[in-house]
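>>> heads up, no residue letters with this:
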């Protein structure tokens, strides 16, 4: 049987966790959310893992979990926003499947994340909320830092102003052409 894996990459708020299960259902495949698998295995939320053990520990667990899931077949895997900032992770994904990057402009990311309280990256040191300008500046800075990694995806789909259904249809056509 041909091993078929689709890795959904993109910035937080790009739609990976929303599009992933619908795409998997459309294809008749399994779905995994990498962050949720890590949370379940460590019995902690991502924010707690960062606070308790630090980012380096989290990134190590992320690579271990990605490696474990990369042996699956007929699977859609939603990655964490920073999973692709590791060349080791990119090598694993390139070897085992297709990386689909969900590109979303900063303004759309801001609109999707502005009311989320579980994103500590967008809090100030004293836990107060950042302003819209500060929030957008941080998104833009992080996206620029990650651009060289995201550019290594096998295909890019722009999600700006598109319905989830439209994006799923586009990706399903791509998957059908490339992997089925």
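On my side now, so go ahead. Fair warning: this is a prediction, and the values are worked out from it, not measured in the lab. Residues are numbered from 1 along each chain as shown.
>>> who touches the top helix by length along the chain?
Identified as the longest helix of the chain according to DSSP state H is helix 132-150. With contacts defined as Cβ atoms under 8 Å, 6 or more residues apart in numbering, helix 132-150 is touched by 9-11, 82, 84-85, 90, 101, 103, 106-107, 109-110, 113-114, 121-122, 130, 156. Quick note: C-beta positions are derived from backbone N, CA and C, even for glycine.
>>> any chance you could map the helices in this structure?
For the chain, the helices defined by DSSP H cover 16-27, 34-42, 46-53, 55-69, 87-96, 106-113, 132-150, 164-179.
>>> buried stuff in the third one?
Pointing back at helix 46-53 there. 46, 49 (16 or more other Cβ atoms under 10 Å).
>>> do stretch 55-68 as well
58-59, 61-62, 65-66.
>>> same question for stretch 143-155.
Within stretch 143-155, the residues scored as buried using 16+ other Cβ under 10 Å are 143, 146, 149-150, 153-154.
>>> what of stretch 170-180?
Here stretch 170-180 shows 170-172, 174-175, 179 as buried, counting by 16+ other Cβ under 10 Å.
>>> over to stretch 85-98?
Buried residues in stretch 85-98, counted by 16+ other Cβ under 10 Å: 85-86, 89-90, 92-93, 96-98.
>>> contacting residues around that stretch?
Residues contacting stretch 85-98 (Cβ under 8 Å, 6+ apart): 3-7, 59, 62-63, 66-67, 70-71, 77, 83-84, 99, 145-146, 149, 152, 154-155, 175, 178-179.
>>> run through the chain and note the low-pLDDT ranges.
Applying pLDDT under 70 to the chain flags the ranges 1-3, 117-129.
>>> now the terminal residues of stretch 41-58, how far apart.
12 Å (Cα to Cα, to the nearest Å).
>>> how much distance is there from that stretch to the middle of the chain?
Taking Cα atoms, centre = their mean, to the nearest Å, one finds stretch 41-58 lying 17 Å from the centre of the chain it belongs to.
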